[in-house]
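attaching a predicted model along with its sequence, questions to come.
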Amino acid sequence: MEVVGIDVGFGFTKAYNGKNSVIFKSLLGDATDIQFRSLLGDESSTSNLHITFEDKSYFLGSYAEMQSNIRDFTLDQEKLIENFVKIFAVAAAGICTDTLAPINIVSGLPVGYLKRDSKKFKEAIRGTHEITFHNNDGKDVTKRVTIDKIHIIPQPIGSIFNLIFDDKGKIRDKSLATQKLGVVDIGFKTTDFSIFDHLQYIERGSSTMDTGISKCFSVIANKLRQESNINIELYRIFQFIESGMIKIRGKEYNISNLKKRVYTHAAAAIASDLNRLWENDWDIDSIILSGGGSVELSEFLSPNIDGNVIPIGKNIDARFNNVQGYCKFGRYKWGYSKYISDTQQEKKSTKVKKASTADDKNEAVEPSEKEDEKSDKQSKGGLSWLRRQN
């Protein structure tokens with residue numbers, strides 16, 4: 001039983017199984033015949049993402065942006081669930097894992113959509129799916145991805161789990177686990193505010209706002225349209241943000257100052273929402289910034305937040321905070337030792353077709369596992385509300 005954390009966001013789709021990580025733009029395009037393929041350029045697993053799924057062929061992510069004539073992208077939550085989630089989730093899982101056995105998925109939804117869309121999300125991805133990956137070398141790889149159990153949690157709590165759990169799903173930071181924590185999860189379309197007290201979800205202090213980084217991109221795109229008369233798609237803004245320069249029809253536009261003004265305004269709006277929403281929660285111990293948008297806005301946002309803000313690590317890709325936490329929580333919920341046992345059993349079955357011995361099963365459990373389980377039981381109270389769900 002392998003656990004995969006999956007996050008299908010408006011900007012990017014991410015997956016993580018404890019060993020492999022995957023990220024690509026949440027962009028869907030029609031597959032076209034490529035007459036010539038260069039041997040140069042990016043050769044990562046998602047740089048030339050061409051799949052066939054349910055008898056339809058697609059380009060995904062940056063490959064769709066570069067090669068597709070028709071590209072589909074959405075900032076509508078309902079459309080994301082109905083038209084994109086299944087394709088992106090299965091593709092991400094297929095890249096991330098090579099197991100032939102069923103896998104369990106942990107994913108998250110924005111707080112404002114959790115109750116409404118959890119069932120739809122599960123129905124969309126549960127079951128056995130066949131997906132073919134078309135490689136540049138002409139060798140197609142068809143995988144059968146079987147998704148068994150699916151657990152949906154409030155999106156921001158993934159960032160907390162990433163901090164408090166180790167890779168085995170054991171609580172490593174008991175101090176943080178017993179605190180009252182606020183999470184500001186800035187995504188592409190939305191910003192989620194959530195409070196967790198001793199890991200108990202506090203509904204009163206949790207909300208979803210339409211103040212994601214895409215609003216900043218929209219302002220920048222509109223300004224560029226006024227000056228160049230060219231409409232720039234929001235998903236194409238990413239590559240120009242860091243450099244602060246964009247070239248349109250051979251003319252360079254410096255967007256550094258515009259970006260700073262837009263980010264300052266967006267950060268002020270988010271901080272205002274946060275301070276108003278958490279006005280009575282003055283006893284929050286720490287505030288965690290997470291999500292891809294937090295990297296862009298943190299320097300503008302942190303000074304405006306009343307409270308102890310945990311800084312974002314410079315060597316950490318904040319876009320993976322939630323999805324890594326999902327995987328760690330899945331190992332807590334379903335058991336890391338069982339995953340190790342199943343993995344070893346699968347490897348042995350592939351090499352030699354014979355039943356596992358009792359000694360093999362004992363080797364699958366690490367020496368410290370029993371001590372970890374004893375320690376873990378003492379810390380489960382706050383998570384019982386989550387573990388009971390399927």
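Happy to help now that I have it. Numbering: from 1, shown residues only.

quick check: longest helix of the protein.
helix 256-277 (DSSP state H).

residues in contact with the very next helix or strand once past that helix?
Next helix or strand after helix 256-277 toward the C-terminus (DSSP states H and E): strand 286-290. Outside strand 286-290, the residues within contact range by C-beta atoms under 8 Å, 6 or more residues apart in numbering are 156, 158-160, 163, 176, 179, 181-186, 298, 301-302, 305, 307-312, 318, 321-322. In this view, the C-beta of every residue, glycine as well, is placed from N, C-alpha and C.

angle of the helix or strand just after strand 286-290 against helix 256-277?
Later in the chain than strand 286-290, the nearest helix or strand by DSSP H and E is helix 292-301. Put simply, helix 292-301 runs at 90 degrees to helix 256-277, going by axes from the mean of the first three to the mean of the last three C-alpha atoms, to 10 degrees.

now for helix 292-301, which elements pack on it?
strand 180-186, helix 213-228, helix 256-277 (3 or more C-beta pairs under 8 Å, 6 or more residues apart in numbering; DSSP states H and E).

domains in the protein, by residue range?
2-154, 174-316 (automatic domain parsing).

got the ones you listed as JSON lines, with distance to Gly330 and mean pLDDT columns?
As requested, those are exported to JSON lines (distance: least, C-beta to C-beta, whole Å; pLDDT from 0 to 100):
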{"stretch": "domain 2-154", "distance to Gly330": "3", "mean pLDDT": "91"}
{"stretch": "domain 174-316", "distance to Gly330": "16", "mean pLDDT": "90"}
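
save the ones you listed as CSV, and put in distance to Phe329 and mean neighbour count too.
Putting the domains of the chain into CSV (distance: least, C-beta to C-beta, whole Å; neighbours: other C-beta atoms under 10 Å) gives the following:
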stretch, distance to Phe329, mean neighbour count
domain 2-154, 6, 18
domain 174-316, 11, 17
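
and of the ones you listed, who's closest to Lys328?
domain 2-154 (7.9 Å; C-beta to C-beta).

gap between the two ends of the closest one?
21 Å (C-alpha to C-alpha, to the nearest Å).

off-centre distance for that domain?
12 Å (C-alpha atoms, centre = their mean, to the nearest Å).

re the thing from before, looking at the helices and strands packed on helix 292-301, which is nearest to Met66?
helix 213-228 (19.0 Å).

same for the closest one, what does it pack against?
With contacts taken as 3+ C-beta pairs under 8 Å, 6+ apart, helix 213-228 sits against strand 245-248, strand 251-254, helix 256-277, helix 292-301.

got TSV for the ones you listed, with distance to Ala92 too?
Below are these laid out as TSV (distance: least, C-beta to C-beta, whole Å):
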stretch	distance to Ala92
strand 245-248	29
strand 251-254	34
helix 256-277	28
helix 292-301	16
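
figure out which of the ones you listed is closest to Glu78.
helix 292-301 (21.7 Å).

how about residues contacting the closest one?
Outside helix 292-301, the residues within contact range by C-beta under 8 Å, 6+ apart are 9, 11-12, 184-188, 191, 212-213, 216, 241, 263-264, 266-268, 270-271, 289, 311-312, 318-319.

strands along the stretch 1-150 of the chain, start to end?
Using DSSP state E, counting those that start in this stretch, the strands found in the stretch 1-150 of the chain span residues 2-8, 12-16, 21-25, 28-30, 50-53, 56-60, 71-72, 103-109, 127-134, 140-154.

packing partners for the fourth one?
What it means is strand 28-30. In terms of contacts (3+ C-beta pairs under 8 Å, 6+ apart), strand 28-30 is packed against strand 56-60, helix 61-67, strand 71-72.

closest one to Arg331 among the helices and strands packed on helix 213-228?
Proximity to Arg331 (C-beta to C-beta) singles out helix 292-301 among the helices and strands packed on helix 213-228, at 24.0 Å.

check the offset of that closest one from the chain's centre.
17 Å.

can I get the strands of the stretch 1-150 of the chain in TSV with distance to Leu224?
TSV is the format used below for the strands of the stretch 1-150 of the chain (distance: least, C-beta to C-beta, whole Å):
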stretch	distance to Leu224
strand 2-8	28
strand 12-16	22
strand 21-25	20
strand 28-30	23
strand 50-53	31
strand 56-60	26
strand 71-72	19
strand 103-109	32
strand 127-134	35
strand 140-154	36
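
among those strands, which is nearest Tyr326?
Checking the strands of the stretch 1-150 of the chain against Tyr326 by C-beta to C-beta gives strand 2-8 as the closest, at 3.1 Å.

between strand 12-16 and the closest one, find me the angle.
Taking the same axes, to 10 degrees, one finds that strand 2-8 is oriented at 170 degrees with respect to strand 12-16.

just the pLDDT at Asp360, thanks.
Looking at Asp360, its pLDDT is 46.

so which residues make contact with the helix or strand encompassing Tyr201?
Assigned by DSSP H and E, Tyr201 belongs to strand 200-209. Here strand 200-209 makes contact (C-beta under 8 Å, 6+ apart) with 110-113, 154, 156-157, 182, 190-196, 270, 273, 277-278, 281, 382, 385.

quick one on the thing from earlier: out of the strands of the stretch 1-150 of the chain, which gets nearest to Gly335?
strand 2-8 (9.4 Å).

what's in contact with that closest one?
By C-beta under 8 Å, 6+ apart, strand 2-8 touches 13-18, 26, 80, 84-85, 88-89, 92-93, 96-97, 99, 101, 103-108, 155, 158, 322-331, 334, 339, 342-343.

how about a cut-off of 6 Å?
Strand 2-8 has contacts (C-beta atoms under 6 Å, 6 or more residues apart in numbering) with 14-17, 85, 88-89, 92-93, 96-97, 99, 103-107, 322-323, 326-327, 330-331.
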